[in-house]
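Novice: here is my input; please provide its structure:
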Amino acid sequence: MQLLLLLCLCFVAAGKKPNIVFIVSDDLGWDDVGFRSHQINTPNIDYMHHNGVTLNQYYVQDVCSPSRSTFMSGLFPLHNSINDWIPYKSSYGLPLNITTTADKMNEAGYESHAVGKWHLGFYKWGYTPTYRGFKSFYGFYGGGQDYFTHVAEYYDFRFDNGTKCGPGCSKVAWEAHGTYSTEAFTTRAVDIINTHNQDKPLFLYLAYQAVHAPSEVPHSYVVPYIGKIHDHHRRIFAGMLSCMDEGIGNVTKALKKVGMYDNTLFVFTTDNGGPMPDSPGGDYVGSRNWPLRGGKHSIWEGGTRGTSVVYGKGINKKPYTNQNLMHGVDWLPTLLSATGTGVKPPPGIDGVDQWDSISNNGSQVRDWILYGRHDDAKYSNYDDGIRVGDWKLLRDWGGLPDDWTPPVNASMSTRSASIPAEPDFEYDAAAAQAAQCLRCQGTSCIGEKKTRTPKLFNVALGKDPDERSDVAKQNPDKVKQLLTRLDTTLKTGVPTAHDDPSCPKPTHPENSHLHLRIWEPWCGVD
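Specialist: The predicted model follows:
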């Protein structure tokens, strides 16, 4: 009898659904985490890298909202309508007829909580997180703000505690005013873990503000880099990233304390590449994408090839670097598969199940990705791109920034991708300009943006992943093939989201204590 009971208990333990902690870093560059840069201390992210799976051919969108829309919907922006970042005053969001990742996790028996940055629309309450599948939300609805005051023209920090927590339920989190957001989000994540009823598995969506602009962090996190990193922007950035990494460590400690850690799957991902000094958004704070070309706002590899690590429960082969092609749209079906519940993803999504590929280093299940429009091409199909196999085609141009991380001197701009990144750099405008001319390989740099000519790169590892050699002229048949594939794909798109003409301008109630006006939904519930 005792043996039978033991066998039953083992069977239950083996079949227990894993907790899932999905961590998003905002604007993290390819060459920022410690295991790549060897410059910034990220011991907790590095631990996941050294003991889990690092996704080396993983793609996201070029800016915030489109990437988050893929994480939540399993659909490319072409099919979910969120083709660019959503400004605060916008009266639109991720369409309400889209089933979210949280909705499906709930169907699988999970309790879902969201912490941090939302940026998928909030003009109506129905677009806010607790109406999209989450039991609670603590954070800000918009895309960026001051880390301490939480002001983006007006105050934006909420605590929505309960399903469909709208008028009369949602609270302005005034107590967070003055608290650094990374620390506030970590504290809330730890509280969720400490109070979680373990009869149900936990799905925690933890979307940090770090390392997005503005360049702000408590000075204590900068101190270790004084004298080690000479560039002012990079030094503060290092402190911001280290603070976030410490927060991740505190989350793992909380999971260990309550006995949930060994049954937890962790996903760490950026939402796009890091901004560069000449980023059109003016949001550079010190990130690096070396050796990749471009950065946030562009659909060059530096803007779209993202850092991601998977670690924990269910990973059978480890540690290793996964070379299979993957995109952010794949997280919805992949996480559902990881639950082992048999719950199916919504029909018709773009995402594919990558769980066997990640957990066992299984066969590649995706052979193409759609880059989407870069940030300067909101209403044009000219500036779009597609990758099929090893070949990447840009219909015209990849957008700004289109250079490589500013080098110490011009010669370093042409070094091989196999050469490690420099431990530090100072921005040298003359060297950067010289490097830009070097990349043109003897042709004119001026007017590249305006030429309506497709560009083709073999971005396979060992070939040209840094996009230094446009081989379109040498491969006309491949260009024709990929243009046809791209045009066919674009014809399946839905209209880009736009402002609701029936919705008035935002209103901003004022708080009598802090004398701050606030952001909150201004156009009803749904």
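
Novice: from now on I want contacts and neighbour counts done on CA atoms only, so please keep to that.
Specialist: Will do.

Novice: give me the most central residue, the chain.
Specialist: Nearest residue to the geometric centre of the chain (C-alpha atoms, centre = their mean): residue 271, 1.5 Å.

Novice: got the contact list for that one?
Specialist: Residue 271 makes contact with 24-28, 60-64, 67-68, 306, according to C-alpha atoms under 8 Å, 6 or more residues apart in numbering.

Novice: check contacts around residue 19.
Specialist: 201-203, 260, 263-265 are the contacts of residue 19 under C-alpha under 8 Å, 6+ apart.

Novice: no wait, residue 180
Specialist: By C-alpha under 8 Å, 6+ apart, the contact list for residue 180 reads 147-148, 217-218.

Novice: can you give me the neighbour number for residue 307?
Specialist: 26 (other C-alpha atoms under 10 Å).

Novice: cool, and the one 4 residues further on?
Specialist: By the other C-alpha under 10 Å criterion, the neighbourhood of residue 311 contains 24 residues.

Novice: can you check residue 112 too?
Specialist: There are 24 residues near residue 112, going by other C-alpha under 10 Å.

Novice: that one contacts residue 204, doesn't it?
Specialist: Yes - counting by C-alpha atoms under 8 Å, residue 112 touches residue 204, with 5.9 Å between them.

Novice: of the contacts of residue 271, select the buried ones using a PyMOL command.
Specialist: With 16 or more other C-alpha atoms under 10 Å as the burial test, the buried ones among these are selected in PyMOL as follows:
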select buried, resi 24+25+26+27+28+60+61+62+63+64+67+68+306
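
Novice: inside helices: which ones of the contacts of residue 271?
Specialist: Cross-referencing those against helices under DSSP state H gives 64, 67-68.

Novice: return the subset of the contacts of residue 19 lying in helices.
Specialist: Per DSSP H, helices hold no members of the contacts of residue 19.

Novice: quick one: which of the residues you listed is nearest to residue 17?
Specialist: Nearest to residue 17, judged by C-alpha to C-alpha, of these is residue 201 at 6.3 Å.

Novice: tell me the phi and psi of that closest one?
Specialist: Per-residue torsions, residue 201: phi -70, psi 160 (degrees, to the nearest 10).

Novice: wait, what's in contact with it?
Specialist: Contacts for residue 201 (C-alpha under 8 Å, 6+ apart) come out as 17-20, 109-111.

Novice: by neighbour count, which of these wins?
Specialist: residue 19 (26 neighbours).

Novice: that one and residue 44, how far apart?
Specialist: Distance of residue 19 to residue 44, given as C-alpha to C-alpha, to the nearest Å: 18 Å.

Novice: JSON lines for the contacts of residue 180, including distance to residue 395 and secondary structure?
Specialist: What follows is those, written out as JSON lines (distance: C-alpha to C-alpha, whole Å; DSSP: H, G, I helix; E, B strand; the rest coil):
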{"residue": "147", "distance to residue 395": "38", "secondary structure": "coil"}
{"residue": "148", "distance to residue 395": "42", "secondary structure": "coil"}
{"residue": "217", "distance to residue 395": "40", "secondary structure": "coil"}
{"residue": "218", "distance to residue 395": "44", "secondary structure": "coil"}
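
Novice: show me which of those are buried.
Specialist: Buried members of the contacts of residue 180, scored by 16+ other C-alpha under 10 Å, are 147-148, 217.

Novice: so where's the stretch 201-350 of the chain uncertain?
Specialist: Regions of the stretch 201-350 of the chain meeting the criterion pLDDT under 70 are absent.

Novice: the strands in it, which residues?
Specialist: Remark: strands assigned in the stretch 201-350 of the chain by DSSP state E, counting those that start in this stretch are 202-207, 264-270, 308-312, 320-322, 326-327.

Novice: same question, the stretch 1-150 of the chain
Specialist: Counting by DSSP E, counting those that start in this stretch, the strands of the stretch 1-150 of the chain are 19-25, 53-55, 58-59, 111-117, 136-140.

Novice: mind listing what the closest residue in space to residue 179 that isn't next to it in sequence touches?
Specialist: Nearest non-adjacent residue to residue 179, counting by C-alpha to C-alpha, 6 or more residues apart in numbering: residue 148, 5.2 Å away. The contact partners of residue 148, taken as C-alpha under 8 Å, 6+ apart, are 177-181.

Novice: let's see the PyMOL selection covering just the buried ones among the residues you listed.
Specialist: The PyMOL selection below is limited to those of those classed as buried (16+ other C-alpha under 10 Å):
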select buried, resi 177+180+181
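
Novice: quick one: residue 307 from residue 266, how far?
Specialist: Taking C-alpha to C-alpha as the measure, residue 307 and residue 266 are separated by 14 Å.

Novice: run a quick neighbour tally on the closest residue to residue 142 other than its chain neighbours.
Specialist: Leaving aside its chain neighbours, residue 142 sits nearest to residue 119 (4.7 Å; criterion: C-alpha to C-alpha, 6+ apart). Per other C-alpha under 10 Å, the neighbour tally for residue 119 reads 24.

Novice: could you tell me the model confidence score at residue 119?
Specialist: Note on residue 119: pLDDT of 98.

Novice: go on, residue 84?
Specialist: 95.

Novice: that one and residue 298 touch, don't they?
Specialist: No - when contacts are counted by C-alpha under 8 Å, residue 84 is not listed as touching residue 298 (11.5 Å).

Novice: overlap in contacts of those two?
Specialist: residue 375.

Novice: which one's more surrounded, the two?
Specialist: Neighbour totals were compared for residue 84 and residue 298, and residue 298 leads with 33 against 24 (other C-alpha under 10 Å).
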